[in-house]
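Undergrad: I'd like to go over a predicted model; first the sequence, then the structure.
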Amino acid sequence: MVSWSPEGIDQLSARLISQGSRFARTASRKSGEQRSLIALRVLSNLLQEGDLRIGELAQRETITQPAMTATVNRLEEDGLVERRADPADARAAVVHVTQAGAAELEAFRMRAAARVRPHLERLGEDDLAVLARAADLLGDLADRLNER
């Protein structure tokens, strides 16, 4: 078994973040998507986490609240999200993804996957198994990070 130093784990963490982001950006660009990546990430956050306030969405995406408000307004105009009363605070609103928003995100993901597929098909069974395991691990790590 390999013994990892704290510095080695930090380097691995940085590589995973960098290469994971690079892969996601590249696959997204190649999908021919017309909607902004921030808008797609908003839809993804809402599907993954449930209804969120605009301030929470802005914080998750590290953009200003006015910029997030503009993004949510565009998504709302297109029928992809809707605002609802916050059950915890009637004075506030949360953003909810609609069925149309969920469908658009799924269609985007399938277009991106179709662009990636030929490149994955060139890999051997062992490499595909490693990537499948890595995808599972990345999902688990993201869940753990969200717990804190």
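TA: Nice, I can see it. Numbering: from 1, shown residues only.
Undergrad: Can I get the helix or strand hosting Glu76 as CSV, trimmed to CA atoms?
TA: Here Glu76 sits within helix 65-77, counting by DSSP states H and E. Provided in CSV are the C-alpha atoms of helix 65-77 (Å, rounded to 0.1, in the frame of the first residue of the first chain):
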residue,chain,number,x,y,z
GLN,A,65,-25.8,38.6,-5.3
PRO,A,66,-26.8,41.1,-8.1
ALA,A,67,-25.1,38.9,-10.7
MET,A,68,-26.9,35.8,-9.3
THR,A,69,-30.2,37.7,-9.3
ALA,A,70,-29.7,38.5,-13.0
THR,A,71,-29.0,34.9,-13.7
VAL,A,72,-32.0,33.7,-11.8
ASN,A,73,-34.2,36.3,-13.5
ARG,A,74,-33.1,35.0,-17.0
LEU,A,75,-33.8,31.4,-15.9
GLU,A,76,-37.2,32.4,-14.5
GLU,A,77,-38.1,34.2,-17.8
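Undergrad: What segments of this protein are helices?
TA: 6-30, 37-49, 54-61, 65-77, 99-121, 125-147 (DSSP state H).
Undergrad: Dump those helices to a markdown table, plus distance to Ala88 and mean neighbour count.
TA: Where you see a C-beta, it was placed from the backbone N, CA and C, and this is true even at glycine. Output for the helices of the chain, formatted as a markdown table (distance: least, Cβ to Cβ, whole Å; neighbours: other Cβ atoms under 10 Å):
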| stretch | distance to Ala88 | mean neighbour count |
| --- | --- | --- |
| helix 6-30 | 32 | 11 |
| helix 37-49 | 15 | 18 |
| helix 54-61 | 12 | 17 |
| helix 65-77 | 19 | 16 |
| helix 99-121 | 22 | 14 |
| helix 125-147 | 19 | 10 |
